[in-house]
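Novice: kindly return the folded structure for what I paste below:
(one chain, ligands or ions: 1)
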Amino acid sequence: MSNQAATLIYGKGNSEAVSEDSPVVSSPATAQADPPVDPLLPVIPPAPDLTGTLLLDRYCLLRKLGVGGMGTVYEAEHVTIKKRCAIKILNPEFAHRSELVERFLQEARAASMIGHENVVEITDFGATPTGSVFFVMEMLVGEDLSETIKRSAPLPWSRAAGITMQICRALQAAHDKGIIHRDMKPENCFRIERSGNPDFIKVLDFGIAKLTGEDGGSGRLTSTGMIFGTPTYMSPEQAQGERVDHRADVYAVGVILYELVTGKVPFTADNFMGILTKHMFEDPPAPSEVAPEAGILPEVEALILKAMQKDRGLRFQSLRELMDGIQAVGTDAAPVVVVPNRVSRPNTGPTQFRPRTAPITLPTVETPASRRGGVFGVALAVAAMLGGSAVALYGLGAAEATEQPAPKDTPPPTQQVVVAAPPPVETPTKVDAPPVGPPDPPAAPARVRVIVATNTPAEVFDAAGTHRLGMSGDVGVALAGAGPHKLLLRAAQHEDLLVEVKEPSEGQRFEYTLKPKAKKPSVVKTNKPPKDPADSKKPPVETPTPPPENPGSGTKFGLKDPFKKMGG
Ligand SMILES: Nc1ncnc2c1ncn2[C@@H]1O[C@H](COP(=O)(O)OP(=O)(O)OP(=O)(O)O)[C@@H](O)[C@H]1O
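Specialist: Numbers count the residues shown, from 1 in each chain. Sure thing, here's the model as predicted:
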């Protein structure tokens, strides 16, 4: 992982938070060697190796899997039932800081609240003999998506779509529960094989996620002045320290999709500040130009650019909308609208932070440049404080917060708002008055997405065979209305199959077998996605993950049950 992809967490503001001189910067994890560290960032001493330690009399730590920003992850075994698991232990450096203990356990709480098959499962938590805290996760065997990208990107559309759909589902489930991830990046998407699907995705690392419910703890956490995020995937509003809502995740997923289909990230620079500047002020280079060899379809490009609109009011307003867009690729659905970004940049600030490539300037509606200029100035000041290699977003929020009215449903801050305090986070269903764009989708859309699994890749049409609804496989097919739905499944060299789907529920899976035929199919699609080796495999069968074990074992150590806030 490059330094640019590292999560930056920087704290300041009260005695419980990380002190100003100890920013926490996540670093790439490796099982064998310590990760490279940005020489310009403060170094946190490595946590002691706890391999061989028995936790809660039942989890034996077998080997270190990697080191992240806040803790170390071990492979472990439940000694009684001999089940493998992964255990994340908070770096002892942070164990005495209740703010960080709370944040760490929040990761467990957030992932546990979501309860989705594409989100890593958390099963237990407790305290170590050395006084730190840990939580237990399902053990994932595979690799994170950044490795896949390094090795195989650009990915064919069918594969990129399947992966992105799962990320979207996981995050939509999070958003439905009032949780915003805020640090989506390929490193936080683990790719495992499950039931024959080599691209099964598990979203990890809700460590800086926001629980936006009234008692979700977000107020306490944000009021202490943590700053966080990964510059490469960071939305412009996050980079500017504005209030973050679920559309920051939409942006990050847009960047991930960009990377999946091009093999490159849209913005690079020599330092964090350079990347943030580009997210704020430059148009992403067109994916089709970045990777002409990848044959990126215009509608795929439009999807990416819409997800990455600088103005969040112009993005897909939910991941559900993005999923619909993905699903519509190759159909006769109306194309998505991408509004040119206004990408003018402030004319103040030291020139050393200016990106090297010329900005693409297009007219649009956007935040006034003057306001950006002010924010930019603060960003530069903080960057300078950090030696110019990293930008702490800390402080930017305060500059913006004074210009933005607090959402009506947000209680007034209990602490005095100081320059250092970042802004509160909104609930995913609320937006802070986007200037343009459609309203949030209704809570219960009249469409469900079902998985149509077939023995051979098949196109899914309406019963008349006139409207293509999508393809079989993991991307899923969106059905409007309650049903029953008659669907026509059509595959090359196979007999058409007419099926009926009665009262489908979201994510429900239907399996069908198409009979081979000798003669050629009567319908040939011209806009079929490129063939992907992964498609030729047996259609994935997704098995439900088992329910978590009873959490709460750590209470004898006086820990607050991280699962308690979700009532279970
Ligand atoms: N459940 C798991 N099963 C297997 N490996 C895991 C699991 N959870 C995390 N890992 C691996 O452990 C390493 C550290 O993970 P962690 O989430 O702490 O760090 P990170 O994502 O690199 O850091 P950051 O906190 O900066 O996002 C990573 O290589 C990650 O892929």
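
Novice: quick check: longest helix in this structure by residues?
Specialist: Looking across the chain with DSSP state H, the single longest helix is helix 157-176.

Novice: may I have that helix exported as CSV, CA atoms only?
Specialist: This file holds the C-alpha atoms of helix 157-176, laid out as CSV (Å, rounded to 0.1, in the frame of the first residue of the first chain):
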residue,chain,number,x,y,z
TRP,A,157,-16.6,-4.8,-16.4
SER,A,158,-18.5,-7.9,-15.3
ARG,A,159,-16.0,-8.6,-12.6
ALA,A,160,-15.6,-5.0,-11.5
ALA,A,161,-19.4,-4.7,-11.4
GLY,A,162,-19.8,-7.8,-9.2
ILE,A,163,-17.2,-6.6,-6.8
THR,A,164,-18.6,-3.1,-6.6
MET,A,165,-22.1,-4.3,-6.2
GLN,A,166,-21.1,-6.2,-3.1
ILE,A,167,-19.3,-3.2,-1.7
CYS,A,168,-22.4,-1.1,-2.4
ARG,A,169,-24.6,-3.7,-0.7
ALA,A,170,-22.4,-3.7,2.4
LEU,A,171,-22.3,0.1,2.6
GLN,A,172,-26.0,0.5,1.9
ALA,A,173,-26.7,-1.8,4.7
ALA,A,174,-24.5,0.3,6.9
HIS,A,175,-26.2,3.5,5.8
ASP,A,176,-29.5,2.0,6.5
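
Novice: which parts of that helix are buried?
Specialist: Going by neighbour count (16 or more other Cβ atoms under 10 Å), the buried part of helix 157-176 is 157-176. C-beta coordinates here come from the backbone N, C-alpha and C atoms, glycine included.

Novice: tell me, which of those residues make contact with the ligand?
Specialist: Among those, proximity to the ligand is found for none (Cβ under 6 Å from any ligand atom).

Novice: could you look up the SS state of the closest residue to the ligand within the stretch 151-300 of the chain?
Specialist: Per Cβ to the nearest ligand atom, Asp205 is where the stretch 151-300 of the chain lies closest to the ligand, at 4.5 Å. With DSSP: H, G, I helix; E, B strand; the rest coil as the basis, Asp205 sits in coil.

Novice: show me what contacts it?
Specialist: 68, 107, 183, 187-188 (Cβ atoms under 8 Å, 6 or more residues apart in numbering).

Novice: which of the residues you listed sits closest to Met308?
Specialist: Asp183 (16.7 Å; Cβ to Cβ).

Novice: count the neighbours of that closest one for me.
Specialist: 27 (other Cβ atoms under 10 Å).

Novice: just to check, it is in contact with Thr232?
Specialist: No: Asp183 is not in contact with Thr232 according to Cβ atoms under 8 Å; the separation is 10.9 Å.

Novice: near the ligand too, which of the contacts of Asp205?
Specialist: 68, 187-188.

Novice: gap between Ala110 and the ligand?
Specialist: With the distance defined as Cβ to the nearest ligand atom, to the nearest Å, Ala110 ends up 13 Å from the ligand.

Novice: quick one: name the residues of the stretch 51-200 of the chain near the ligand.
Specialist: 65-66, 68-71, 73, 86, 88, 120, 137-140, 144, 187-188.

Novice: list the ones among these that fall in helices.
Specialist: Going by DSSP H, the helices hold none of these.

Novice: just the ones of those residues in strands?
Specialist: 65-66, 71, 73, 86, 88, 137-138, 144 (DSSP state E).

Novice: for those residues, give me a markdown table that also has pLDDT, neighbour count and distance to Leu303.
Specialist: Output for those, formatted as a markdown table (pLDDT from 0 to 100; neighbours: other Cβ atoms under 10 Å; distance: Cβ to Cβ, whole Å):
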| residue | pLDDT | neighbour count | distance to Leu303 |
| --- | --- | --- | --- |
| Leu65 | 95 | 19 | 34 |
| Gly66 | 91 | 18 | 32 |
| Gly71 | 88 | 26 | 35 |
| Val73 | 95 | 21 | 33 |
| Ala86 | 98 | 20 | 33 |
| Lys88 | 95 | 26 | 34 |
| Met137 | 96 | 24 | 31 |
| Glu138 | 96 | 17 | 31 |
| Asp144 | 96 | 22 | 23 |
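
Novice: got TSV for these, with distance to Pro285 too?
Specialist: Converted to TSV, those look like this (distance: Cβ to Cβ, whole Å):
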residue	distance to Pro285
Leu65	35
Gly66	32
Gly71	36
Val73	35
Ala86	37
Lys88	36
Met137	37
Glu138	38
Asp144	25
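
Novice: can you pull out the helices in the stretch 101-250 of the chain?
Specialist: Using DSSP state H, counting those that start in this stretch, the helices of the stretch 101-250 of the chain run over 145-152, 157-176, 218-223, 236-239, 247-262.

Novice: so, low pLDDT: which residues of the stretch 351-500 of the chain?
Specialist: 351-448, 466-468, 470-471, 474-476 (pLDDT under 70).

Novice: any of the ones next to the ligand among the contacts of Asp205 buried? List them.
Specialist: 68, 187-188.

Novice: out of those, who's nearest Pro236?
Specialist: Distances from Pro236 to these, taken by Cβ to Cβ, are shortest for Asn188, at 20.1 Å.

Novice: tell me the contacts of Leu140?
Specialist: 86, 120, 190, 192, 202, 204.

Novice: and the third one, how far from Glu143?
Specialist: In this structure, Phe190 and Glu143 are separated by 7 Å, where distance is defined by Cβ to Cβ, to the nearest Å.

Novice: now swap in the second one and tell me
Specialist: In this view, Val120 and Glu143 are 14 Å apart by Cβ to Cβ.

Novice: more neighbours, these two?
Specialist: Val120 (24 against 13).

Novice: what sits against that one?
Specialist: 111, 137-138, 140, 190, 202-204.

Novice: could you check how far it is from Ile114?
Specialist: For Val120 relative to Ile114 (Cβ to Cβ), the value is 10 Å.

Novice: next one: Val450
Specialist: For Val450 relative to Ile114 (Cβ to Cβ), the value is 21 Å.

Novice: looking at the two, which one has more neighbours?
Specialist: The neighbour comparison of Val450 against Ile114 (other Cβ under 10 Å) goes to Ile114, with 26 against 23.

Novice: quick check: that one touching Lys177?
Specialist: Yes: with contacts counted by Cβ under 8 Å, Ile114 reaches Lys177, the gap being 5.6 Å.

Novice: picking up where we left off before, lowest average confidence across the helices of the stretch 101-250 of the chain, which one?
Specialist: Lowest mean pLDDT within the helices of the stretch 101-250 of the chain: helix 218-223, a mean of 33.

Novice: coming back round to it: now distance to Pro287 too, for the helices of the stretch 101-250 of the chain, in TSV please.
Specialist: TSV is the format used below for those (distance: least, Cβ to Cβ, whole Å):
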stretch	distance to Pro287
helix 145-152	14
helix 157-176	11
helix 218-223	34
helix 236-239	18
helix 247-262	5
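
Novice: follow-up on the earlier one: now for the contacts of Leu140: which two are most distant?
Specialist: Ala86 and Ile192 (12.0 Å).

Novice: wait, Ile180 touches Phe206, no?
Specialist: No: counting by Cβ under 8 Å, Phe206 is not a contact partner of Ile180; they are 9.5 Å apart.

Novice: from start to finish, how long is stretch 326-337 in a straight line?
Specialist: Terminal residues of stretch 326-337 lie 14 Å apart, using Cα to Cα, to the nearest Å.

Novice: name the residues of it that are buried.
Specialist: 326-331, 333, 336.

Novice: inside helices: which ones of the residues you listed?
Specialist: Per DSSP H, the buried residues of stretch 326-337 map to helices at 326-328.
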